[in-house]
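Novice: Prediction below, plus the sequence it came from.
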Amino acid sequence: MTELALLPATIIEPIIRLALQEDFGTAGDVTANALVPAKANGHLYFKSRATGVLAGMQAAEMTYALVDPTMIFKARKNDGSRVKKGDIIAEVRGPVRSLLMAERTALNFLGRLSGVATLTSQYADLVAHTKAKVAATRKTTPGLRALEKRAVLAGGGATHRQSLSDAIMIKDNHIALAGGIEKALTQIMEKADHMVRVSVEVDTLGQLQKALPFAPDVVLLDNMGPDILKKAVAIVDGFDGPRPVLEASGGVNLGTVKDIAESGIDIISIGALTHSATNFDIGLDAK
């Protein structure tokens with residue numbers, strides 16, 4: 001896969017500082033301070049204890065840098081690398097107290113984010129033979145969105161919108177409050193900035209047909225099975241006007257995603273990529 005650009009430090013440093021503050025409490029690592037000589041140095045290795053896709057290396061490295069700038073962190077694998085049990089993914093050396101103080105926070109980031117990347121890769125692999133891409137939603141862990149969205153990229157997925165301000169997305173509650181899909185789209189098209197993309201969610205093929213004349217950039221087909229999705233694709237392909245990106249959402253799991261992708265959909269948005277990923281097992285050990 002294409003090497004991912006690093007996130008700006010201004011985005012992720014506050015996240016890591018908060019995690020460290022949470023773990024250090026008011027006195028730091030009282031165990032290490034009591035047992036380990038201040039001048040003791042050590043060398044430890046991050047090892048994968050499972051098979052999957054790696055993510056979170058930037059966060060792990062920054063964790064050690066913030067705890068102790070003298071620490072030397074060397075990555076052996078990059079985000080997006082497929083790893084197997086026993087692979088060494090990074091090594092770190094420096095004062096033992098610092099090694100121990102940063103250990104859990106670094107492992108928490110690596111485990112959480114590699115879990116997201118691994119689950120994403122499982123979905124992406126199932127649809128690789130189609131044009132469809134899997135995308136994460138805003139159903140992320142509060143405070144960790146930037147890191148989790150990047151982990152989705154590492155796993156071969158796309159990220160959907162990052163925040164409410166990224167794009168206009170007209171959902172069912174907006175439509176109900178506006179008095180119908182046509183009224184909602186009329187208002188949006190009158191007021192939307194020319195630089196902002198417009199997406200609208202539809203629950204039925206009838207709503208889809210009403211939405212198409214407004215030329216939305218994206219139509220989200222909510223909770224439609226593969227057979228209905230095929231009909232939706234046919235309606236859009238037969239429409240004499242701009243073709244929106246078609247996105248499927250709802251009822252997506254590892255057992256259904258292949259059939260959904262084969263319906264001809266462009267994007268499949270999956271909240272589970274971030275809200276239901278299992279932690280990936282990584283350890284920090286002596287070689």
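Specialist: Done, it's in.
Novice: Now do the contacts for residue 75.
Specialist: Residue 75 is in contact with 57, 61, 89, 90, counting by C-beta atoms under 8 Å, 6 or more residues apart in numbering. C-beta coordinates here come from the backbone N, C-alpha and C atoms, glycine included.
Novice: meant to ask about residue 122, not that
Specialist: By C-beta under 8 Å, 6+ apart, the contact set of residue 122 is residue 254.
Novice: How about residue 186?
Specialist: With the criterion set at C-beta under 8 Å, 6+ apart, residue 186 makes contact with residue 214.
Novice: Check for me that it belongs to a helix.
Specialist: Yes - under DSSP: H, G, I helix; E, B strand; the rest coil, residue 186 falls within a helix.
Novice: how about the strands of the stretch 51-200 of the chain, start to end?
Specialist: For the stretch 51-200 of the chain, applying DSSP state E, counting those that start in this stretch gives strands covering 52-53, 72-75, 82-83, 88-95, 133-135, 168-170, 198-202.
Novice: element containing the residue sitting furthest away from the middle of the chain?
Specialist: In the chain, the greatest distance from the average C-alpha position (C-alpha atoms, centre = their mean) is reached by residue 37, at 40.5 Å. Per DSSP states H and E, residue 37 falls between elements, in no helix or strand.
Novice: neighbours of the residue nearest to it when sequence neighbours are not counted, just the number please.
Specialist: Nearest residue to residue 37, sequence neighbours excluded (C-beta to C-beta, 6 or more residues apart in numbering): residue 96, at 7.9 Å. The local packing of residue 96 (other C-beta atoms under 10 Å) involves 19 other residues.
Novice: what sits against residue 96?
Specialist: Counting by C-beta under 8 Å, 6+ apart, residue 96 has contacts 32, 36, 37, 40, 41, 42.
Novice: if I look at it, how far off is residue 88?
Specialist: 19 Å (C-beta to C-beta, to the nearest Å).
Novice: again with residue 275
Specialist: According to C-beta to C-beta, residue 275 and residue 88 sit 30 Å apart.
Novice: next one: residue 170
Specialist: In terms of C-beta to C-beta, residue 170 sits 48 Å off from residue 88.
Novice: Helices of the stretch 151-287 of the chain, residue ranges please.
Specialist: 172-178, 181-191, 205-211, 226-237, 257-261, 272-275 (DSSP state H, counting those that start in this stretch).
Novice: and the third one, what does it pack onto?
Specialist: The contact analysis (3 or more C-beta pairs under 8 Å, 6 or more residues apart in numbering; DSSP states H and E) places helix 205-211 against helix 181-191, strand 198-202, strand 218-222, helix 226-237.
Novice: cutoff 7 Å now
Specialist: With contacts taken as 3 or more C-beta pairs under 7 Å, 6 or more residues apart in numbering; DSSP states H and E, helix 205-211 sits against helix 181-191, strand 198-202, helix 226-237.
Novice: These: which one's closest to residue 21?
Specialist: Closest to residue 21 of the helices and strands packed on helix 205-211 is strand 198-202 (C-beta to C-beta; 37.4 Å).
Novice: ok, the nearest residue to residue 82 once chain neighbours are set aside - contacts?
Specialist: Using C-beta to C-beta, 6+ apart and skipping the chain neighbours, the partner closest in space to residue 82 is residue 53 (5.7 Å). Residue 53 makes contacts with 80, 82, 114, 117, 118, 121, 154, 155, as judged by C-beta atoms under 7 Å, 6 or more residues apart in numbering.
Novice: Going by distance to residue 107, which of the residues you listed wins?
Specialist: residue 114 (10.2 Å).
Novice: Could you verify my assumption that the closest one touches residue 52?
Specialist: Yes - using C-beta atoms under 7 Å, residue 114 is in contact with residue 52, at 6.1 Å.
Novice: more crowded one of those two?
Specialist: Neighbour comparison, residue 114 and residue 52: the larger count goes to residue 114, with 30 against 23 (by other C-beta under 10 Å).
Novice: who's in contact with the more buried one?
Specialist: By C-beta under 7 Å, 6+ apart, residue 114 lies in contact with 52, 53, 54, 55, 56, 280, 282.
Novice: How about residue 115?
Specialist: Contacts of residue 115 (C-beta under 7 Å, 6+ apart): 277, 278, 279, 280.
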